[in-house]
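Trainee: Using only what follows, build the 3D model:
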Amino acid sequence: MKKTILLLILLFCSFAFGQKEGYGKTNWSSWSSLSCFPNVQFSMKSNGWSSSVKKYEYRFKIRNTGSQNIHFSTEGHLSNGERFFSGRFGLKANGGEYNNGMDGTFSDFPPNQITGFTFTVRRYVENSKDDWGIPSYTCSGGQKVCDANCKNSNNNQNGNNLFGNSQNTNTSNTSNPQNNNLNSGLSSVEEYDKYWRRREELCQKIPDLDKKAKYVLRSDYPCNTRETINDNEKKSYAVDALKKDCHKLESILEELQGSSKQEEEEKQRLAQEKQERYNSYIEQGDQAMRSEDYASAMNHYQNAKQYASTNIERSTAENKYNQAFEAKKTAERKIRVAEQKKRDEQENIAYASGLTATAGAMALLQDKPSLGFTSGKIYLGLNMEQIPMISNNTNSYHANKSYVEAPFRPGFDLGLIFGIANNKKVSLYLNPKLSYNISAFAAGVSGSSIEYGGTALVLGNWNKEFPLKFYAEASYFKRVGDYHYDADAAAQSSGATTATDDVRDGEYNYSVIRYGGGLMLHQADDPEEFYVKAGVFFDKPSFYPNGIKPNLGFTLQGMYNQIGSLEFYYSPKYFIGGTVMYPSTLERADKSYFGIRFTRTGRLW
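Mentor: So this is what the prediction gives:
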């Protein structure tokens, strides 16, 4: 059964041009009463344009001003035909109200194009629950009329038209036997069979629509209480019972069909909203790509994947995400490589400047043999040195991995030599020193190291006149260094175009105790002095635990005071300083410590 009422709602508001968030917003309209049920009043408002769904959002509320609790089924449409809501409402007496609150509904039309509202009242009972045993009402011709259980009703034909000259639309009640007898002329048996078949037909349709089992499991559901009788029992009371069952079932079917339609419309609305959001995120991602804001583009494409409705849309969003990701990597790589090349140039210039200054200062130094009991000298030098260390990959675009490195760096030396008891059977020499090395002329590699400390050397002989002597030395020094490697910068410097995003960083900070000794062939005779020294040394770093043997090394040094001193040192399988961030990826490798040093000495006294 279906009775429809047209309710005119006027929403007065002023509009600005454009569709911004909240455009078309209104206050609540004044309360308007339904023509057949004046105690039922309705009000609505617009929350304006919603940019998230690109529609206008509407809210509504219903109240009951009568003295009876009521329950009714209804469906509402805007004047443009769009469904606004559908459902069952129970309102308490004397002002009971329903407000759809946060559950807004949406329309393509702004409030100034909504000229009215159509109610379809399916069932109205004066009770707070859906009771099939009491009279129910609908609207016909602007009047409240009873359409079920009317024997108990005192008001089955009267009503009030509150619209006056306003429009009302009505539909016929084809299922109400009180208003339309479709079975006149049939015998009770024929009439019984006709309604029996109708009930069976309804009992087969309803379960498919009642997906939430709102009715089919109820004890008073007519299809759960079916029984057959013989022809002699098919009297009028049995026909009336079947009619009542059919009436109930038709009401249920009509309500479920309306709910199904509402669910389908809601499903379509959500699908449309999902599609609009997908398109919006794709469009925003494309715009970000054109602006070279690749991180934002990736974020928009990632959001688009969540709203993809088909595999094609999902694949499109994923491909665009991957393109943005690669573009982001390429852009960051370009900046990173440019910065590395700049560091390389700065280090090359710094070393070249230091080399020029140091070589010039070394040329000015003058040395003579130390023949007095004490002596003091200063020395400057140049060196090339390799110290093993650990590096770790630090680029998020590359797999995490730790490496054993052995950067070979040029550097500078500065030190003092204090001699005590020179040319005696036992002589002592103290040597505070400082070395600084830098990663110059190595494309893609940057960093530096510093080493400072001191050495005490004892030189002895059973005969001071004999040139062959033995020596023993002990040293303590501190090492601090850092290392940075960019494989892409190194590759580009050699003309390669492939990229790996292999970026490594490492640093070390430890102290070393060194001790050793050997033989020295030494001759001093003013104004000349020379010596050749060969020996071994043992290095133990501060991070070695007790019980670990120190590393063995070898040294060879020759000096002629008119030219300078040249030293070679070497230690195989040297210890490796630094922090391993990814132990499981580290490939064990033996690295050597070695270097070459050329120094010139200047006599202080």
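Trainee: Where does R123 sit, in terms of helix or strand?
Mentor: strand 117-125 (DSSP states H and E).
Trainee: distance between the following helix or strand past that strand and the chain's centre?
Mentor: Heading C-terminal from strand 117-125, the first helix or strand you meet, by DSSP H and E, is strand 136-140. Relative to its chain's centre, strand 136-140 lies at 56 Å (C-alpha atoms, centre = their mean, to the nearest Å).
Trainee: Give me the domain ranges for the protein.
Mentor: Domains of the chain are assigned by automatic domain parsing as 1-180, 181-309, 359-603.
Trainee: Share the number of residues neighbouring the closest residue to S51 other than its chain neighbours, please.
Mentor: In space, and not counting its chain neighbours, S51 is closest to E21: 5.0 Å by C-beta to C-beta, 6 or more residues apart in numbering. C-beta here means a position set from N, CA and C on the backbone, and glycine is covered the same way. Using other C-beta atoms under 10 Å, E21 has 11 neighbouring residues.
Trainee: Same check on L217?
Mentor: 10.
Trainee: before we move on, what about L249?
Mentor: 22.
Trainee: Could you measure from it over to G90?
Mentor: Using C-beta to C-beta, to the nearest Å, L249 is found at 22 Å from G90.
Trainee: F325 too?
Mentor: From F325 to G90 the distance is 55 Å (C-beta to C-beta).
Trainee: What of K55?
Mentor: 29 Å.
Trainee: okay, the two: which has more neighbours?
Mentor: Shown here are K55 and G90; by other C-beta under 10 Å, K55 has more neighbours (19 against 16).
Trainee: The more buried one contacts F106, doesn't it?
Mentor: Yes: under the criterion of C-beta atoms under 8 Å, K55 makes contact with F106 at 3.8 Å.
Trainee: Just say helix, strand or coil for the residue nearest to S51.
Mentor: coil (DSSP: H, G, I helix; E, B strand; the rest coil).
Trainee: how about it, what does it touch?
Mentor: G48, W49, S50, S51 (C-beta atoms under 8 Å, 6 or more residues apart in numbering).
Trainee: for it, phi and psi?
Mentor: phi -50, psi 120 (degrees, to the nearest 10).
Trainee: How about D486?
Mentor: The phi/psi pair for D486 (degrees, to the nearest 10) is phi -120, psi 110.
Trainee: so how far is G506 from it?
Mentor: 13 Å.
Trainee: L556: how many residues sit nearby?
Mentor: L556 - counted by other C-beta under 10 Å - has 14 other residues nearby.
Trainee: again with G518
Mentor: 18.
Trainee: Show me the beta-bridge partners of the nearest residue to it once chain neighbours are set aside.
Mentor: Closest residue to G518 apart from its sequence neighbours, by C-beta to C-beta, 6+ apart: G535 at 2.1 Å. Judged by DSSP bridges, the bridge partners of G535 are G518, T555.
Trainee: Number of residues surrounding G535?
Mentor: G535: 19 neighbours (other C-beta under 10 Å).
Trainee: I'd assumed G517 was in contact with it.
Mentor: Yes: using C-beta under 8 Å, G535 is in contact with G517, at 5.6 Å.
Trainee: Between the two, which contacts overlap?
Mentor: Y471, E473.
Trainee: how about the strands in the stretch 51-200 of the chain?
Mentor: According to DSSP state E, counting those that start in this stretch, the stretch 51-200 of the chain carries its strands in the segments 55-64, 70-78, 83-91, 96-99, 105-107, 117-125, 136-140, 143-148.
Trainee: immediately after the strand or helix carrying D208, which helix or strand?
Mentor: Take DSSP H and E as the rule and D208 turns out to sit in helix 188-209. Downstream of helix 188-209, the first helix or strand assigned by DSSP H and E is helix 236-290.
Trainee: If you count neighbours, what's buried in the helix or strand following that following helix?
Mentor: Counting by DSSP H and E, the next helix or strand C-terminal to helix 236-290 is helix 294-306. Judged by neighbour count using 16 or more other C-beta atoms under 10 Å, the buried positions of helix 294-306 are Y294, S296, A297, M298, N299, H300, Y301, Q302, N303, A304, K305.
Trainee: could you list every residue that touches the nearest residue to the last one once chain neighbours are set aside?
Mentor: The shortest distance from K305 to any residue that is not its chain neighbour, by C-beta to C-beta, 6+ apart, is 4.4 Å, and that residue is A317. Counting by C-beta under 8 Å, 6+ apart, A317 touches Y278, Y281, I282, Y301, Q302, A304, K305, A308.
Trainee: Nearest to Y582 among these?
Mentor: Among the contacts of A317, Q302 lies closest to Y582 (C-beta to C-beta), at 27.8 Å.
Trainee: thinking again about what came up before, so can I have JSON lines of the buried residues of helix 294-306 showing distance to A499?
Mentor: Shown next, in JSON lines, are the buried residues of helix 294-306 (distance: C-beta to C-beta, whole Å):
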{"residue": "Y294", "distance to A499": "16"}
{"residue": "S296", "distance to A499": "23"}
{"residue": "A297", "distance to A499": "20"}
{"residue": "M298", "distance to A499": "19"}
{"residue": "N299", "distance to A499": "24"}
{"residue": "H300", "distance to A499": "25"}
{"residue": "Y301", "distance to A499": "22"}
{"residue": "Q302", "distance to A499": "24"}
{"residue": "N303", "distance to A499": "28"}
{"residue": "A304", "distance to A499": "27"}
{"residue": "K305", "distance to A499": "26"}
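Trainee: Mind putting these into a markdown table with pLDDT and distance to V216?
Mentor: As requested, the buried residues of helix 294-306 are exported to a markdown table (pLDDT from 0 to 100; distance: C-beta to C-beta, whole Å):
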| residue | pLDDT | distance to V216 |
| --- | --- | --- |
| Y294 | 96 | 56 |
| S296 | 96 | 52 |
| A297 | 96 | 52 |
| M298 | 97 | 50 |
| N299 | 96 | 48 |
| H300 | 96 | 47 |
| Y301 | 96 | 46 |
| Q302 | 96 | 44 |
| N303 | 95 | 41 |
| A304 | 96 | 42 |
| K305 | 95 | 40 |
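Trainee: Find the pair from those with maximum spatial separation.
Mentor: That would be Y294 and K305, which, of the buried residues of helix 294-306, are the farthest apart (C-beta to C-beta) at 16.5 Å.
Trainee: and the residue most central in space within the chain, how far is that from Q284?
Mentor: By C-alpha atoms, centre = their mean, the mean C-alpha position of the chain lies nearest to N299, the distance being 7.8 Å. According to C-beta to C-beta, N299 and Q284 sit 9 Å apart.
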